[in-house]
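S.K.: Sequence and predicted structure below; questions after.
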Amino acid sequence: MSSVAGLRCMICGQTYAPDEVRYVCPACGNDGVLEVLYDYDRIRRSFTRQYLDDNHDFSMWRYLNLLPVSGRPSHLTLQIGWTPLYRSQHVGPQLGLADVWFKDDGRNPTASLKDRASAIAIAKAVALGEHVLTAATTGNAGSSLAGLTANAGLAAYIFAPATAPAGKIAQLRVFGSHLFLVDGTYDEAFDLCMQATERFGWYNRNTAYNPYMVEGKKTVALEMAEQLGFEAPDAVLVPVGDGCIISGVAKGFRDLLALGLISHMPQLIAVQAQGCAPIATAVATGQPVVCLDHPSSCADSIVAGVPRNRLMAVRDIQESGGLAVTVTDEEIIDAIGYLGRNEGIFAEPAAAAAVAALRKLITRHDLAPEERVVVLITGNGLKDVEHAMLVQGKVQSIPPAIDAVEHAVAAGF
Ligand SMILES: [Zn+2]
């Protein structure tokens, strides 16, 4: 039995019993995103440091007490979560920061953080007796749901913009999903997926519309805290599109604060691309989010002109004392190479945006040298090779002769 106490609407504040509503607040419609509430008094009795020390499940399911499911789905056998948290060897020192960490969520089964949410979608669908799931995606959420449904023996209908990176479309094809490539933006694919959900009754994994996706994503924060010995970071840099991951990070740390396992809430730093920054603009100006019709960036994962989780994301950033940063596509491409060269971590453009933001924050003196900073790497670079190939100029081929190598080395190659 899960410890979910209820669901509360972000707009009207109405609370619902967990089995009363499946998706959004009936009174407020699709903007009435629901927040999942827990009975912390009950959880506190079993979820302790000792419990975790004795727990040998090194996956997201080690936090089952804090998840909205009664058990791990028995047919989902992929290992999701417990991704590495690396202390920066070179980037931090180069930037004058003593305590920088990279949480590499590109190490999940389908190479992005989205697996944490898809896992919960599958658990909920199975509990409801549903066998067909659907999602709209810029690429990662869909490829994640496709991979996990394949593993669990379920079906997935995915709606992705036809412009999604080839690597992500390849994943969708390999995992055997029913793939609709939509001639339009992600926001249009999202709307189409919603109409299909209504028409066919599939279980919907869409960000924010399904209130439980934040709960899966929060496990990345629970892991960060545990991997740091519950000495919470001072700041966490998070790439932001729909705003669901940053709310997941906030929720994870809020849970741990409520349980007395950490002493403070990290400052949440939202990173957006300059061509798609509605949440960053709202945070900077204090005004409501203004959605965009024509967002654009090379960082496809965070190109959401209509951020579905905008209300919760802005609230969470502000409540953490956080801020927002925008970075250009040039800075993002440069950061892919910078992170790769200096740490051996290959990030997709959206994830590299957080590294670009780290560099920018230093020049602005927005981070102190002694601060503990975690940079969330949300997806692997192999998902988008086309942009990664821009990192270096064209590499010339050579004849298969040692003289050619010698000549190049002598010339300083
Ligand atoms: Zn409502």
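M.R.: Okay, I see it. Residues are numbered from 1 along each chain as shown.
S.K.: Any stretches of the stretch 1-150 of the chain with poor pLDDT?
M.R.: 1 (pLDDT under 70).
S.K.: can you give me how far the one helix or strand residue 187 maps to is from the chain middle?
M.R.: Residue 187 is located in helix 186-200, with elements delineated by DSSP states H and E. Counting by C-alpha atoms, centre = their mean, to the nearest Å, helix 186-200 is centred 21 Å from the centre of its parent chain.
S.K.: same question, stretch 105-122
M.R.: Worked out by C-alpha atoms, centre = their mean, stretch 105-122 lies 9 Å from the chain centre.
S.K.: tell me which residues in stretch 298-315 are buried?
M.R.: 298-314 (16 or more other C-beta atoms under 10 Å). Yep, even glycine has a C-beta here, placed from its N, CA and C like the rest.
S.K.: got it, and stretch 154-171?
M.R.: For stretch 154-171, the neighbour count (16+ other C-beta under 10 Å) marks 154-161, 163-165, 167-169, 171 as buried.
S.K.: now it, how far from the chain's geometric center?
M.R.: 17 Å.
S.K.: Identify the residues contacting stretch 62-78?
M.R.: 1-4, 18, 36, 38, 43, 46-47, 51-52, 55, 60-61, 81-82, 109, 115, 119-120, 122-124, 126-127, 147-148, 151-153, 212, 215-216, 218-219, 222, 255 (C-beta atoms under 8 Å, 6 or more residues apart in numbering).
S.K.: How far off centre is it?
M.R.: 19 Å.
S.K.: Now tell me what touches stretch 196-214 from outside.
M.R.: Contacts to stretch 196-214, defined as C-beta under 8 Å, 6+ apart, come from residues 7, 23-24, 30, 33-36, 68, 117-118, 120-121, 124-125, 128, 130, 132-136, 141, 145, 157, 159, 190, 193-194, 242-244, 247-248, 251, 308-309, 312.
S.K.: Mind checking which of these are in helices?
M.R.: The helices, defined by DSSP state H, take in 117-118, 120-121, 124-125, 141, 145, 190, 193-194, 244, 247-248, 251, 312 from the contacts of stretch 196-214.
S.K.: So which of those residues is the closest to residue 390?
M.R.: Distance to residue 390 across the ones in helices among the contacts of stretch 196-214 (C-beta to C-beta) is lowest for residue 141, with 24.6 Å.
S.K.: Give me the spatial nearest neighbour of the closest one, chain neighbours excluded.
M.R.: residue 114 (4.6 Å; C-beta to C-beta, 6 or more residues apart in numbering).
S.K.: Could you do residue 60 as well?
M.R.: Leaving aside its sequence neighbours, residue 60 sits nearest to residue 81 (C-beta to C-beta, 6+ apart; 3.1 Å).
S.K.: List phi and psi for the residue in the stretch 101-250 of the chain that the ion sits nearest to.
M.R.: Closest to the ion within the stretch 101-250 of the chain is residue 211: 11.9 Å, counting by C-beta to the ion. Backbone torsions of residue 211, given as degrees, to the nearest 10, read phi -70, psi -10.
S.K.: Can you give me the separation between it and residue 244?
M.R.: Using C-beta to C-beta, to the nearest Å, residue 211 is found at 10 Å from residue 244.
S.K.: Wait, residue 82 touches residue 55, no?
M.R.: No: contact criterion C-beta atoms under 8 Å: residue 82 and residue 55 do not qualify, at 10.7 Å.
S.K.: of the two, who's got more company?
M.R.: residue 82 (18 against 14; other C-beta atoms under 10 Å).
S.K.: ok but that one is inside a helix, no?
M.R.: No: Residue 82 sits outside any helix when classified using DSSP: H, G, I helix; E, B strand; the rest coil, being coil.
S.K.: who touches it in this structure?
M.R.: 58, 59, 60, 62, 223.
S.K.: Mind doing that once more with 6 Å?
M.R.: 58, 59 (C-beta atoms under 6 Å, 6 or more residues apart in numbering).
S.K.: separation between it and the ion?
M.R.: Residue 82 sits 35 Å away from the ion, taking C-beta to the ion, to the nearest Å as the criterion.
S.K.: The ion contacts on this protein?
M.R.: 9, 11, 12, 14, 25, 27, 28, 32 (C-beta under 5 Å from the ion).
S.K.: where does the third one fall, phi/psi-wise?
M.R.: Listed backbone geometry of residue 12 is phi -100, psi -10, with angles given as degrees, to the nearest 10.
S.K.: What about it, how many residues nearby?
M.R.: For residue 12, the neighbour count with other C-beta under 10 Å is 11.
S.K.: thinking again about what came up before, taking the buried residues of stretch 154-171 as a set, which two sit the farthest apart in space?
M.R.: Maximum distance among the buried residues of stretch 154-171 (C-beta to C-beta): 27.2 Å, for 154 and 163.
S.K.: can you give me the strands in the stretch 51-200 of the chain?
M.R.: Taking DSSP state E, counting those that start in this stretch as the test, the strands found in the stretch 51-200 of the chain are 85-87, 99-104, 132-136, 155-161, 178-182.
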